[in-house]
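Asks: have a look at this prediction, sequence included:
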Amino acid sequence: MPNKDHSAKYKKSAQATLNKASKHAELAQITFAASLKARNDAKGVDAQRLAGEAWREAEKALLDAATRLEDGNLKRAKRLSNDAEQSYRTAELSAIKASYLSDARQLIQKANDEKVARYTPKTLLKAKEILALAEKELTENRYDIDYPRSLAKQAHYEAKHALALAGLVKKLDRGKITTEEFLLKLEAPLINISNALDMVASFDQGFDGMADDLVSNIESLRADAYELGERRKELARLENEMASLERRMGVQSQRLAEQQAQKENLRKVDELFSRDEAAVLTEGRNILIRAVGLNFSPGSAQINSQNFALLQKLKTAIALYPRYTLLIEGHTDSFGSDSANLNLSFARAESVKAYLRANIDSAKTIEAIGYGETHPIANNETQEGRTRNRRIDFVLRPPL
């Protein structure tokens, strides 16, 4: 049988080894936290491929830092970890620039090679200016890539735009097409759109008049489609509930009366707002008032005086549901850091909550929450879409 003293000594040695390993693991987690976070960020934009030299530099520094930590040289390990973090960030920035800006650069270079500036100097200059702004934004604020990515797309578009325009201008310049033929060629797509909309194309007031007519027609159709879609949803929901009520004898009359009252309230609320102010929707038994017209100054949570009229309408709508609780949701577009947008959306929701608390029945339960950029309802790549995403949603929830 083994000696008891020897067994105890072995256990003590093993425990010491485990304690040492555990201590190294904890130290590594603390010492390398920032550099490992930077490594993950760089890896997420394919820095190994797009910024190989900086990536290899960072990897070497991190490996050296781990070696120094094992040797017990914590001070040197921290310094090398900081070096690794900076190299990873440099690799990340280089990869982002290569990924988002390279296509636009290549297209602008193509335009330069084809001497496009002779024919469309303003459009090409615009592409170059937007590209320069995208590079500047990436350098100064590398953690918010949504905005510079959008700028890079715009630069790419303007470069293609310049090339396309230059092709047409060259034809005019070389006499391959007359000015009249050129203008008639521009009318053709608008005529096709008019035909699709069952309109008669008329250019006696020039292109602007025709464009205004098309925009007006399309906006009217979009409004009709939106209204029809919402009415269909509401009708289907009401029909389902009414069918269910018919199967529940004994409460049929009461529930039908409640349903009719809810339908009437929805109609009243819907009529309060124009399409640019708010959309009235239903989510199950909840009523959602999507206040797309309730806007704030950039970066601010202070309610503007121009919003008072809309807030008064919202107050009227909320009063139609005295037993409902109210949840105020703040939303932003995708430009800006995730954390900043989350905080800003919550601050705006709280600001609206404070305003309503001072102006409606104090007994009503009101909650506020911020979702930042996580619940978009429109395309963040367009200015109009971002405007719609910067909104406050009012969710009225019935009693349980």
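Replies: Here it is on my side, so go on. Residues are numbered from 1 along each chain as shown.

Asks: please count neighbours and contacts with C-alpha atoms only from this point.
Replies: OK.

Asks: quick check: which ranges of this structure have low pLDDT?
Replies: Counting by pLDDT under 70, the chain contains low-confidence residues at 1-30, 142-143, 245-258, 361-363.

Asks: going along the chain, name the strands of it.
Replies: Listed in chain order, the strands of the chain (DSSP state E) span residues 279-283, 286-291, 325-331, 366-370, 391-397.

Asks: for the second one, packing partners?
Replies: Counting by 3 or more CA pairs under 8 Å, 6 or more residues apart in numbering; DSSP states H and E, the packing neighbours recorded for strand 286-291 are strand 279-283, strand 391-397.

Asks: quick one, phi/psi of Gly336?
Replies: For Gly336, the backbone dihedrals (degrees, to the nearest 10) come out as phi 100, psi 160.

Asks: Ile193 versus that one, what's the distance?
Replies: 37 Å (CA to CA, to the nearest Å).

Asks: so for these two, which residue has more residues nearby?
Replies: Between Gly336 and Ile193, counted using other CA atoms under 10 Å, the more crowded position is Gly336 (19 against 14).

Asks: so for the more buried one, what's the nearest residue that isn't a sequence neighbour?
Replies: Counting by CA to CA, 6 or more residues apart in numbering, Gly336 lies nearest to Asp144, which is 5.5 Å off, once chain neighbours are set aside.

Asks: verify the stated contact: the one you found with Asn341.
Replies: No. Using CA atoms under 8 Å, Asp144 is not in contact with Asn341, being 10.9 Å away.

Asks: more neighbours, these two?
Replies: Asn341 (23 against 16).

Asks: for the residue nearest to Gly336, what are its contacts?
Replies: In this structure, Asp144 makes contact with 138, 335-337, judged by CA atoms under 8 Å, 6 or more residues apart in numbering.

Asks: these into TSV, with extra columns for distance to Lys313?
Replies: As requested, these are exported to TSV (distance: CA to CA, whole Å):
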residue	distance to Lys313
Leu138	42
Phe335	30
Gly336	31
Ser337	33
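
Asks: neighbours of Lys160, how many?
Replies: A count of neighbours around Lys160, defined by other CA under 10 Å, yields 20.

Asks: that one contacts Arg105, correct?
Replies: No. The pair Lys160 / Arg105 is not scored as a contact, 11.3 Å apart, by CA under 8 Å.

Asks: hang on, the earlier thing: rebuild the helices and strands packed on strand 286-291 as TSV, extending it with distance to Val352 and mean neighbour count.
Replies: Putting those into TSV (distance: least, CA to CA, whole Å; neighbours: other CA atoms under 10 Å) gives the following:
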stretch	distance to Val352	mean neighbour count
strand 279-283	18	17
strand 391-397	9	22
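
Asks: of all the ones you listed, which one comes closest to Ile318?
Replies: strand 391-397 (7.7 Å; CA to CA).

Asks: off-centre distance for the closest one?
Replies: Computed by CA atoms, centre = their mean, to the nearest Å, the separation of strand 391-397 from the middle of its chain amounts to 19 Å.

Asks: over to stretch 344-363?
Replies: 24 Å.

Asks: and what of stretch 262-279?
Replies: 27 Å.

Asks: next, the buried residues of that stretch.
Replies: When burial is assessed from 16 or more other CA atoms under 10 Å, stretch 262-279 yields the following buried residues: 266, 269-270, 273, 277-279.

Asks: CA atoms of that stretch as CSV?
Replies: These are the backbone C-alpha positions of stretch 262-279, laid out as CSV (Å, rounded to 0.1, in the frame of the first residue of the first chain):
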residue,chain,number,x,y,z
GLN,A,262,-63.4,48.4,-30.5
LYS,A,263,-63.9,48.8,-34.3
GLU,A,264,-65.5,52.2,-33.7
ASN,A,265,-62.6,53.3,-31.5
LEU,A,266,-60.1,52.1,-34.2
ARG,A,267,-61.9,54.1,-36.8
LYS,A,268,-61.8,57.2,-34.6
VAL,A,269,-58.1,56.8,-33.9
ASP,A,270,-57.3,56.2,-37.5
GLU,A,271,-59.0,59.3,-38.6
LEU,A,272,-57.0,61.4,-36.1
PHE,A,273,-53.8,61.0,-38.1
SER,A,274,-52.5,61.7,-41.6
ARG,A,275,-50.3,59.2,-43.3
ASP,A,276,-47.2,61.3,-42.5
GLU,A,277,-48.1,61.5,-38.8
ALA,A,278,-48.9,58.0,-37.7
ALA,A,279,-50.1,54.6,-38.8
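
Asks: my guess is Lys353 contacts Ile328, does it?
Replies: Yes. Distance between Lys353 and Ile328: 6.9 Å, which falls inside the contact criterion (CA under 8 Å).

Asks: overlap of the contact sets of those two?
Replies: Residues touching both Lys353 and Ile328 (CA under 8 Å, 6+ apart) are 366-368.

Asks: buried ones from those, can you make that a PyMOL selection?
Replies: With 16+ other CA under 10 Å as the burial test, the buried ones among these are selected in PyMOL as follows:
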select buried, resi 366+368
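
Asks: just the shared contacts of Lys353 and Ile328 now: which is nearest Leu214?
Replies: Of all the shared contacts of Lys353 and Ile328, Leu214 sits closest to Ala368, with 41.1 Å by CA to CA.

Asks: now that closest one: closest residue in space, sequence neighbours ignored.
Replies: In space, and not counting its chain neighbours, Ala368 is closest to Ile328: 4.6 Å by CA to CA, 6+ apart.

Asks: circling back to that earlier point, how about the helices and strands packed on strand 286-291, which one is nearest Ala132?
Replies: Between Ala132 and the helices and strands packed on strand 286-291, the tightest spacing by CA to CA is seen for strand 391-397, at 30.7 Å.

Asks: neighbouring strands - and their directions - for that closest one?
Replies: Applying DSSP bridges, strand 391-397 is found paired with strand 286-291 (antiparallel), strand 325-331 (antiparallel).
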